[in-house]
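Chemist: Got a sequence here, can you build the structure:
(one chain, ligands or ions: 3)
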Amino acid sequence: MSLTSAFLLVILSLSLSAAREFLTGDTGHHVGSNQNSQTATKSGGILLQDIYALQKLRRFNTERIPERVVHGRGAGAHGEFRSFGNFSDLTAAEFLSKRGIETEVFVRFSTVIHGKHSPETVRDPRGFAVKFKTATEGNYDLVGNNLPVFFIRDHLKFPDMVHSLKPDPVTNLQDPNRYFDFFSALGGMATHMLTYLYSDLGIPRGYRFMDGHSVNAYKMVNAKKQVKYVKFRWLSKQGVQNLTRAEAAQVQGADFSHATRDLYDAIRRGDFPTWELGVQVMDPSQLDDFDFNPLDASKDWPARQFPFTALGELKLNRVPDNFHLASEQSAFSPGNFLPGKIEPSEDRLLQGRLVSYHESQMHRHGSNTFQYLPVNRAKSAVRNYNQDGVMVMEHAWKGSVNYEPSNDADAYVEDKRSLYSTREICGKNEQGPIEKTLNFRQAGELYRAFSEQQRANLVGNLAVELRTLRSQKILHTMCAHLYKADEEYGRRVAEAAGCTLAKVREIASGLKE
Ligand code: HEM
Ligand SMILES: *[C@@H]1O[C@H](CO)[C@@H](O)[C@H](O)[C@H]1NC(C)=O
Ligand SMILES: *[C@@H]1O[C@H](CO)[C@@H](O)[C@H](O)[C@H]1NC(C)=O
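Modeler: Ligands and ions are numbered 1, 2, ... in the order given. Coordinates of the predicted model:
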């Protein structure tokens, strides 16, 4: 090597090292070797003073945080929501007060039952959670599913239901014997949801190809504190598409993460998925007008009587930079609403949800500072006198006044526009069921609304699982629930699943609508 070329090489390596930054430990000290740990002589053990090595392993050992107890498998994306108009007659929410107002959103889609890396081809409801980061009024979360109704109507049954659907505590295998045991013993309230779930809609072709539903009823409150009950729906502009049982098996064999891949591929190629948000509106005076309770999450509000009003459009346009920082650490809750603008209804399932999510998130993240992580942080200011605690990075206030009221010119004041709506109540505390059960009617209507192909797929999807049941009692009770919903529906499943029709009829005749 000539002297000049050696010189050039030195210059080159210097400029290379100048362009790249030094590796450091978590406290910023530079790292001399990231290849070999420090040993006492060539033959010795590793020295305890090699703090960098210990720290690196410690960080690795604690990489996992608890996954969500339900909806563990999912994918998030950033986007925006644009209001179609001024809906101030319905709600005082500013993000819906003018045509064209854009609100930043983070959305996470999910499956419910299995863990963080489970297949996305399973028959399962899909979560559809939207966090609106409004410009001036804080975060509003709309935490819905792709199917419009739910299995149960009281939050107290949720742990039982989820335990029955989750893998068996003995074998770690999901088992139809367990969840159909639960649903058969429940008396039929799940029939409507099961009919949705075992239809083709139970396996969406991807997250882009499904609608979303609030399932629960909420309240919209306008500036005059007038209240309407509402149910929300996200209408997919991509169209609803699904996988049959056979297609799902094929897709899963090739790619068990097809839904996340499809979503991220579409966004990356600029084919931004969009949904239209609509609401059904019911006046409080109508609540008692039906043979079902409109605040029962197992029920649909008939679309003919309660047509959807389009409020705005959601567009997803950015894949998060990091899965853990965004999708995993995101924390949605039906308890994140806008008092005096969009509020929870008295729906008994929803009322439990209002607190469950925050509790689960405290467990997952270890401290309530998860609300300040970038993915969750409100766009608008957070101002209060809450203070201290684990991992607090800043306080909303400065100085000595950490209480209210105060004469201090900088002290925060209440916003009367955010007073909750009021409701007249009279009666007694009690522990009784929702009286208008109407367990089967809407399931029958749904069955009859399906085409012959959709009915045949539904019957096949149910029979494949029901045939595996060991208990004749559970098998016949499940068929009786379907028979009670619609005789043809029950008869076809009974035949396909190997039930005795006379026995099915006998059980069905004893069922209470
Ligand atoms: C009483 C009934 C329910 C309870 C107690 C419950 C509880 C929970 C809990 C504890 C989580 C995990 C939250 C977290 O760690 O971040 C969760 C997630 C979720 N739940 Fe529920 N849930 C219920 C019903 C529902 C219903 C009816 C829907 C749909 C309308 C729903 C949709 C979701 C979604 C979409 C997620 C995932 C949110 C995300 O992507 O992070 N849940 N639920
Ligand atoms: C929305 O309409 C209401 C009532 O018509 C009006 O008072 C309000 O100023 C409008 N809001 C905006 C942002 O235009
Ligand atoms: C499933 O999607 C196909 C189109 O891909 C459609 O023909 C069929 O009706 C859908 N099934 C349901 C229950 O919506």
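
Chemist: Validate this expectation: Val130 resides in a helix.
Modeler: No. Counting by DSSP: H, G, I helix; E, B strand; the rest coil, one finds Val130 to be strand, located in no helix.

Chemist: How about residues contacting the helix or strand containing His481?
Modeler: Secondary structure from DSSP states H and E places His481 in helix 472-485. Where contact means CB atoms under 8 Å, 6 or more residues apart in numbering, the residues beyond helix 472-485 that reach it are 177, 180-181, 183-185, 188, 191-192, 194-195, 439-441, 443-444, 447, 462, 466, 469, 489-491, 493-494, 497-500, 503-505, 507-508, 511, 513. Where you see a C-beta, it was placed from the backbone N, CA and C, and this is true even at glycine.

Chemist: can you give me the helices in this structure?
Modeler: For the chain, the helices defined by DSSP state H occupy 3-19, 51-61, 158-165, 176-185, 191-197, 245-254, 258-268, 348-365, 441-449, 452-466, 472-485, 487-497, 501-509.

Chemist: So for Asp321, which of those sits nearest?
Modeler: Between Asp321 and those, the tightest spacing by CB to CB is seen for helix 258-268, at 12.1 Å.

Chemist: That closest one to helix 245-254, inter-axis angle?
Modeler: Angle, helix 258-268 to helix 245-254, by axes from the mean of the first three to the mean of the last three CA atoms, to 10 degrees: 70 degrees.

Chemist: OK, contacts around the closest residue to ligand 2 within the stretch 301-450 of the chain?
Modeler: The stretch 301-450 of the chain approaches ligand 2 most closely through Arg417 (13.3 Å), counting by CB to the nearest ligand atom. Counting by CB under 8 Å, 6+ apart, Arg417 makes contact with 92, 223, 340.

Chemist: Chain neighbours aside, what residue packs nearest to the second one?
Modeler: The spatial neighbour of Ala223 that comes closest, neighbours along the chain excluded (CB to CB, 6 or more residues apart in numbering), is Ala92 at 4.6 Å.

Chemist: Likewise for the last one?
Modeler: Distances taken as CB to CB, 6+ apart place Ser418 nearest to Gly340, at 4.4 Å, with adjacent residues excluded.

Chemist: Might one say that the one you found is in contact with Phe337?
Modeler: No. In this structure, Ser418 is not within contact of Phe337 by CB atoms under 8 Å, at 10.7 Å.

Chemist: Check what pLDDT the residue nearest to Gly340 gets.
Modeler: Reading off the confidence values, Ser418 has pLDDT 97.

Chemist: One more: Leu9?
Modeler: Value listed for Leu9 in the pLDDT field: 50.

Chemist: same question, Ala18
Modeler: For Ala18, the predicted pLDDT is 64.

Chemist: for Met391, same thing?
Modeler: pLDDT, Met391: 88.

Chemist: again, but for Ala303
Modeler: Ala303 carries a pLDDT value of 95.

Chemist: Spit out the contact partners of the residue nearest to Ala223.
Modeler: Counting by CB under 8 Å, 6+ apart, Ala92 touches 221-223, 340-341, 417.

Chemist: got it, and Arg208?
Modeler: Arg208 is in contact with 236, 238, 262-263, 266, 273, counting by CB under 8 Å, 6+ apart.

Chemist: Repeat that for His192.
Modeler: 149, 298-300, 439-440, 442-443, 446, 485.

Chemist: Name the nearest residue to it, ignoring sequence neighbours.
Modeler: Ala443 (4.3 Å).

Chemist: give the contact list for that neighbour.
Modeler: The neighbours of Ala443, taking CB under 8 Å, 6+ apart as the test, are 191-192, 194-195, 482, 485-486, 489.

Chemist: Spit out the contact partners of Ser33.
Modeler: Residues near Ser33 by CB under 8 Å, 6+ apart: none.

Chemist: State the distance from it to ligand 3.
Modeler: Distance, Ser33 to ligand 3, by CB to the nearest ligand atom, to the nearest Å: 57 Å.

Chemist: what do you get for Met362?
Modeler: From Met362 across to ligand 3, the span is 38 Å (CB to the nearest ligand atom).

Chemist: And the residue of this protein closest to ligand 1?
Modeler: Closest point on the chain to ligand 1, by CB to the nearest ligand atom, is Gly127, at 2.7 Å.

Chemist: quick revisit: tabulate the contacts of Ala443 (JSON lines), appending pLDDT.
Modeler: Shown next, in JSON lines, are those (pLDDT from 0 to 100):
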{"residue": "Thr191", "pLDDT": "98"}
{"residue": "His192", "pLDDT": "98"}
{"residue": "Leu194", "pLDDT": "98"}
{"residue": "Thr195", "pLDDT": "99"}
{"residue": "Leu482", "pLDDT": "98"}
{"residue": "Ala485", "pLDDT": "98"}
{"residue": "Asp486", "pLDDT": "98"}
{"residue": "Tyr489", "pLDDT": "98"}
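
Chemist: Select from these the one having the most neighbours.
Modeler: Within the contacts of Ala443, Leu482 tops the neighbour count with 33 neighbours, counted by other CB atoms under 10 Å.

Chemist: For that residue, which non-adjacent residue is spatially closest?
Modeler: The nearest residue in space to Leu482 (CB to CB, 6+ apart) is Gly490, at 4.2 Å.

Chemist: my guess is that neighbour meets Ala508, correct?
Modeler: Yes. The pair Gly490 / Ala508 is scored as a contact, 6.8 Å apart, by CB under 8 Å.

Chemist: Show me what from the chain comes close to ligand 3.
Modeler: Proximity of the chain to ligand 3, by CB under 6 Å from any ligand atom, involves residues 199-201, 240-242, 454.

Chemist: How about Arg205: what's its closest non-neighbour residue?
Modeler: Per CB to CB, 6+ apart, closest to Arg205 is Gln241, 4.0 Å.

Chemist: For the one you found, give me its contacts.
Modeler: For Gln241, the contact set (CB under 8 Å, 6+ apart) comprises 204-206, 209.

Chemist: Not counting its neighbours along the chain, what's nearest Asp410?
Modeler: Nearest non-adjacent residue to Asp410, counting by CB to CB, 6+ apart: Val401, 7.3 Å away.

Chemist: Kindly report the same for Tyr52.
Modeler: Leaving out its chain neighbours, the residue that sits closest to Tyr52 by CB to CB, 6+ apart is Gly25, at 4.8 Å.

Chemist: you'd agree that neighbour is up against Gln55?
Modeler: Yes. If you go by CB under 8 Å, Gly25 and Gln55 touch, sitting 5.9 Å apart.
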